[in-house]
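In: attaching a predicted model along with its sequence, questions to come.
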Amino acid sequence: MSARDRVLYRVRRALTGRPEAALPAVIAPEERDPEEAFALFRTRLEAAGARVARLDSLEEARGFLAEAESGLQSAWAGAGVPEALRPRLPLAEPERARLGVSLALAGVAETGSVVLTAREGRRGQLLVPRHLVWLFAGDLFGSLLEALRRLRGGGVSALALHSGPSKSADIGQIMVKGVHGPGELWVGVLTFDSVGLEASDRSVNLEERLKGLTGRVLTTKENQTLTVVGLSKPGNTLYLALANGKKEGLPVKYVKKAVELIEAGISPQGPKELGEAVAKALGLKGPPKAGYLWAILHALGYV
Amino acid sequence: MALRDYPRRAAELIEQRPEVRESVTRAALHFDRNRARAYAEAPAEAWRTYAKGVKDHLLSRLADYLEAAEARLTENGVRVHWAEGPEDVHRVLGEIVRAHGVRRAVKAKSMLSEELGVNAFLEAQGVEVYETDLGEFIIQLAGEPPSHIVGPAIHKSLAEIRRLFAERLGTPPDASPEALAAAARAFLREKFLTAELGISGANFLVAETGTVVLVENEGNIRLSTSLPRVHVALVGIEKLLPRFEDLAVFLQLLARAATGQPIGTFVSLIDGPRREGETDGPEEVHVVLVDNGRTAALADLEASEVLRCIRCGACLNACPVYRQTGGHPFGFVYSGPIGEVLAPALLGPGEAYPLYHASTLCGACAEVCPVKIPIPKLLLTWRHRAAEEGLLLPMEKAMVRAYAEAVVRPRAYRLASKAMRAFPGALESERLPLVRAWTRLRSGLRPSPRPFHELWEEIKDEREG
């Protein structure tokens, strides 16, 4: 018997005859409108020692960036940071850069956190003394639960929540900042019309996230298992392998439309309802492979 | 270190190193005040009930969740290992060290790694091991084990740390805390950049998604799990959570209970090794699922409640007994109230004797516990079982027997109590060994001028009259 078998055997034996304890329902978080969410986000981050600015125009955002750059010689920027918001300083490796600039996937008001993705490069989020994070106001969630629901299965190796500058009180209970990670956290919340900034980034995001599902085994709501084979080269079909050996192609535009509809506020209760909404929006005759679509959206955290 | 010697070690510490008591009390009360404020600001009661329920459910179906977690981890490209105890973990680590030619390892704070003797094992393999949490780094330099689950170096004063750093890192003898932290940062930064292996524990492992979750304030855990080529996470089998969504409460409750923060400054959600298109992150991620006594605790219906523990340290901060000494005299990886009930659950009541007596049963620990572990009730359970197994000291046994004899015979009891009152100095006489032991660290016992049963008669008359 392997260690695995022995441990599992002992767990099963320990639980023999013990009734299953019920799993409590997830606690619904307090609802917050965008204004309340921003106010709490700012309060929490400032209490943790971060700087937060609400930036209502590109000029304001550039001014915030210039302030963060002043006095420094070099910077690093994450791949997802829009061109207009990238630092003007000479670029350097994270080991040497004095400033790091990242784009957050999301913000969480309840905990005062920005959510960062490993796709941007982890070293740049950690080795720089000053870290500036851009957050689109539309990506700020009132509660941690809402953010987690959206971020689940993002197709990256790791996500991280940063909720202030690095700190420690391990030396005689005296708070010291910048122990290992950045000693300064600056968060710029972008409220201005960011269509130009956002568009390219967002579509890449969904495509990248679909790519990230490659190799994942998913279960449909009807308990059918399927494996994500991958995205076609032009990126318009997502191939799926079914348990019976058959291969299916799911048009990416169905996924995109479904995401759009959900982001616009519809909340389908099941595959059928989702399929019908997508079919209607795209002018299709029947519900488009709704079971698979649902499984994909579930893996992406939309349903 | 024999747990049996706890009373002697605690007495020596209080007598010989009063500064430890001062540092620990100050730090623990600071943590506890922050916790109280943070609980008051949140729906703490609803969260605690939920967290207890989630963990009870998880433990009642643990085998299924372990298999689900293993399947998801494997799909995510994580290599999963299982370990019954330290030997299995050492074997896994030894294989990784050999396969990758590991010469240097950076470690993120992990209490489980303390259980498993990971540092000593790796050092014996010729690997340099660096603790990277500032508190853990301090005690590693000092050659000591952690004194607290969350603040491993809370027993050390600034003056002591100054001396230690001056000696080992060459900082000036009057360096500020900032300068000391900067020296540790510079020293460890080079280790992060050159280590081949990063070792962490896990605060949570989500069965549904195979996500390893780590919480910290310094950034050393993110660095330890991001920079080296290989990341190994040591995960106790009780660390699982069923759903990704459960993190919403657990992350907030853990931080509020531990330090009073809304959430840890850095939370890592690790889904596997570096993926295509990513520029950094480990090439290999290993998860070792560790038993090390947990299945034995699980098999014991009553004791199994300790497996809900999320290692926040709130019960230590709340405990008036822990605050006198910090964790060292306990002689076990986990100290304070949770250590007193984990030790017998993991090691058995004989091995853990007399840790479950290191409590006044005041109940503060149960009031603050984020997962509602009934620690005082468990302490009584272990005391009861120890007595049944004949684990009491002969002196203790004789005293309890004498007391039992006396209280069931009113006349004998009155006689004894009268005798005590007739010679009030007897209970302060250094000549009686029992009195000597008691008064060594406490003020003397003084009998009340009138016995309680007399007072009671009056009180009763007054109330009835």
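Out: It's in.

In: wait, what's in contact with the residue in chain A that chain B sits nearest to?
Out: At 2.3 Å from chain B, residue A:181 is the closest residue in chain A, using C-beta to the nearest C-beta. From N, CA and C alone the C-beta is placed, and that goes for glycine too. Residues in contact with residue A:181 (C-beta atoms under 8 Å, 6 or more residues apart in numbering or on different chains) are A:125-126, A:131, A:162, A:165-166, B:218-220, B:222-223, B:265-266.

In: among those residues, which ones are in strands?
Out: A:131, A:162, B:266 (DSSP state E).

In: pull the longest helix from chain B.
Out: The single longest helix within chain B, with elements called by DSSP state H, is helix B:18-40.

In: just to revisit the earlier point, next, format the contacts of residue A:181 as TSV and append pLDDT and distance to residue A:280.
Out: Formatted as TSV, the contacts of residue A:181 follow (pLDDT from 0 to 100; distance: C-beta to C-beta, whole Å):
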residue	pLDDT	distance to residue A:280
A:125	98	42
A:126	98	46
A:131	98	44
A:162	98	41
A:165	98	49
A:166	98	50
B:218	97	52
B:219	98	48
B:220	98	52
B:222	98	45
B:223	98	50
B:265	98	46
B:266	98	44
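
In: which of those residues sits closest to residue A:90?
Out: Of all the contacts of residue A:181, residue A:90 sits closest to residue A:131, with 17.9 Å by C-beta to C-beta.

In: and the next element down the chain from the helix or strand of chain A with the lowest mean pLDDT?
Out: Ranked by mean pLDDT, DSSP states H and E, the weakest helix or strand in chain A is helix A:195-212, scoring a mean of 58. Next along the chain after helix A:195-212, taking DSSP states H and E as the criterion, comes strand A:217-219.

In: how far does the next helix or strand along the chain from that following strand sit from its chain's centre?
Out: The helix or strand immediately downstream of strand A:217-219 is strand A:225-231, counting by DSSP H and E. Centroid separation for strand A:225-231 versus its chain: 21 Å, with C-alpha atoms, centre = their mean, to the nearest Å.

In: and if you look at stretch A:225-241?
Out: 22 Å.

In: list the buried ones in it?
Out: A:226, A:227, A:228, A:229, A:230, A:231, A:237, A:238, A:240, A:241 (16 or more other C-beta atoms under 10 Å in any protein chain shown).

In: so which bits of the helix or strand containing residue B:419 are buried?
Out: Assigned by DSSP H and E, residue B:419 belongs to helix B:410-422. If you call a residue buried by 16+ other C-beta under 10 Å, then helix B:410-422 has these buried ones: B:413, B:416, B:417, B:420.

In: using PDB, write down the CA coordinates of it.
Out: Taking C-alpha atoms only, helix B:410-422 is exported to PDB below (Å, rounded to 0.1, in the frame of the first residue of the first chain):
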ATOM      1  CA  PRO B 410     -19.200  17.000  56.700                       C
ATOM      2  CA  ARG B 411     -17.700  16.500  60.100                       C
ATOM      3  CA  ALA B 412     -14.300  15.700  58.800                       C
ATOM      4  CA  TYR B 413     -14.500  18.500  56.400                       C
ATOM      5  CA  ARG B 414     -15.400  21.000  59.100                       C
ATOM      6  CA  LEU B 415     -12.600  19.700  61.300                       C
ATOM      7  CA  ALA B 416     -10.000  20.100  58.500                       C
ATOM      8  CA  SER B 417     -11.300  23.600  57.700                       C
ATOM      9  CA  LYS B 418     -11.200  24.600  61.400                       C
ATOM     10  CA  ALA B 419      -7.600  23.300  61.700                       C
ATOM     11  CA  MET B 420      -6.600  25.500  58.700                       C
ATOM     12  CA  ARG B 421      -8.100  28.500  60.300                       C
ATOM     13  CA  ALA B 422      -6.500  27.700  63.700                       C
END
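
In: contact partners of the helix or strand following it?
Out: Following helix B:410-422 in sequence order, the next helix or strand is helix B:433-439 (DSSP H and E). Contacting residues not belonging to helix B:433-439 are listed as B:395, B:399, B:426, B:427, B:428, B:429, B:430, B:444, B:445 [C-beta under 8 Å, 6+ apart].

In: show me which of those residues is closest to chain A.
Out: Nearest member of the contacts of helix B:433-439 to chain A, counting by C-beta to the nearest C-beta, is residue B:444, at 34.6 Å.

In: buried subset of the contacts of helix B:433-439, written for PyMOL?
Out: A single PyMOL command selects the buried members of these (16+ other C-beta under 10 Å):
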select buried, chain B and resi 427
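
In: one step back: how far out from the middle of the chain is the longest helix of chain B?
Out: 15 Å.

In: give the buried residues for the very next helix or strand once past that helix.
Out: Going down the chain from helix B:18-40, the next helix or strand is helix B:44-60, by DSSP H and E. Buried residues in helix B:44-60, counting neighbours by 16+ other C-beta under 10 Å, are found at B:44, B:47-48, B:50-60.

In: what do you get for stretch B:395-406?
Out: Buried-residue list, stretch B:395-406, by 16+ other C-beta under 10 Å: residue B:406.

In: average model confidence for it?
Out: On average, the pLDDT along stretch B:395-406 is 82.

In: now residue 69. Nearest residue, chain neighbours left out?
Out: Picking chain A for this. Nearest non-adjacent residue to residue A:69, counting by C-beta to C-beta, 6 or more residues apart in numbering or on different chains: residue A:89, 5.2 Å away.

In: try again with chain B
Out: Counting by C-beta to C-beta, 6+ apart, the residue nearest residue B:69 is residue B:207, at 4.2 Å.

In: residues in contact with the one you found?
Out: Neighbouring residues of residue B:207 by C-beta under 8 Å, 6+ apart: B:58, B:65, B:66, B:68, B:69, B:72, B:240, B:241, B:242, B:243.

In: now secondary structure too, for the residues you listed, in a markdown table please.
Out: What follows is the contacts of residue B:207, written out as a markdown table (DSSP: H, G, I helix; E, B strand; the rest coil):
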| residue | secondary structure |
| --- | --- |
| B:58 | helix |
| B:65 | helix |
| B:66 | helix |
| B:68 | helix |
| B:69 | helix |
| B:72 | helix |
| B:240 | strand |
| B:241 | strand |
| B:242 | coil |
| B:243 | coil |
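
In: for those residues, which one is nearest residue A:120?
Out: For the contacts of residue B:207, the nearest to residue A:120 is residue B:72 (24.3 Å; C-beta to C-beta).
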